[in-house]
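Student: following is a predicted model, sequence given first.
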Amino acid sequence: MFSNRLSVALLVALMLAPPVWAADANAPAPIVHHGYEQVQTLVDDAVAFMKKVGAEKAFEAFNDPKGKWIQNDLYVFAFDAKGVYKATGFRPERTGSDAWEMTDAAGLKLVQEIIKKAKRNGSGMVDYLWKNPATGKLENKTSYVVQVGDYVVGAGFYHR
């Protein structure tokens, strides 16, 4: 008899509970976890796009906050050989600013390392400590960067 009452109570509770897929309108958007494959695909697509339309049109597209080159905390950035931002999807207002001396949270001269890696190898990975705009926390980040003529194009992902 106890098990029948328990079964009925459980069944009623399940029927009255909201479905687990029901979204709370006030809940923050989920944090999307990107990895190496997504970053490499995004950068390779950005490089192909840049070669097709030219650097200036590509930079304009990379800076478009509603464009395809920004996907949550994943975005395309570009520097010239002197470390001047040509594009940064997350902070397009930085376009044209000199980032040569920019350091990560551990003191790494990040832009210099990005340019050096791309220039020396044509492409590569750079690891650093950066504030994640989605979480507001310092997190380990890896960027995949590619040399394209006089520019370096890249994107990075946060390690979770």
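Tutor: Ah, there it is.
Student: kindly export the longest helix along the chain (C-alpha atoms) in PDB.
Tutor: Longest helix in the chain by number of residues (criterion: DSSP state H): helix 36-53. Presented in PDB, the C-alpha positions along helix 36-53 are these (Å, rounded to 0.1, in the frame of the first residue of the first chain):
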ATOM      1  CA  TYR A  36      40.600  24.200 -31.000                       C
ATOM      2  CA  GLU A  37      38.600  22.800 -33.900                       C
ATOM      3  CA  GLN A  38      36.000  25.700 -33.700                       C
ATOM      4  CA  VAL A  39      38.800  28.300 -33.400                       C
ATOM      5  CA  GLN A  40      40.800  26.800 -36.300                       C
ATOM      6  CA  THR A  41      37.700  26.700 -38.500                       C
ATOM      7  CA  LEU A  42      36.800  30.300 -37.700                       C
ATOM      8  CA  VAL A  43      40.300  31.600 -38.400                       C
ATOM      9  CA  ASP A  44      40.700  29.500 -41.600                       C
ATOM     10  CA  ASP A  45      37.400  30.900 -42.800                       C
ATOM     11  CA  ALA A  46      38.400  34.400 -41.900                       C
ATOM     12  CA  VAL A  47      41.700  34.000 -43.800                       C
ATOM     13  CA  ALA A  48      39.900  32.700 -46.900                       C
ATOM     14  CA  PHE A  49      37.400  35.600 -46.600                       C
ATOM     15  CA  MET A  50      40.200  38.100 -46.300                       C
ATOM     16  CA  LYS A  51      42.000  36.700 -49.300                       C
ATOM     17  CA  LYS A  52      38.700  36.900 -51.300                       C
ATOM     18  CA  VAL A  53      37.500  40.400 -50.400                       C
END
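Student: ok, and what's touching that helix?
Tutor: 58, 61-62, 69, 71, 74, 76, 125, 142-146, 148, 151, 153-157 (Cβ atoms under 8 Å, 6 or more residues apart in numbering). (Each C-beta comes from the backbone N, C-alpha and C, glycine too.)
Student: among those, which ones are in strands?
Tutor: 71, 74, 125, 142-146, 148, 151, 153-157 (DSSP state E).
Student: in ChimeraX, select just the buried ones from these.
Tutor: Selection of the buried residues among the ones in strands among the contacts of helix 36-53 in ChimeraX, burial being defined by 16 or more other Cβ atoms under 10 Å:
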select :74,142,143,144,145,146,148,151,153,154,155,156,157
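Student: which one of the ones in strands among the contacts of helix 36-53 sits closest to residue 117?
Tutor: The shortest distance between residue 117 and any of the ones in strands among the contacts of helix 36-53, using Cβ to Cβ, involves residue 145 and amounts to 6.1 Å.
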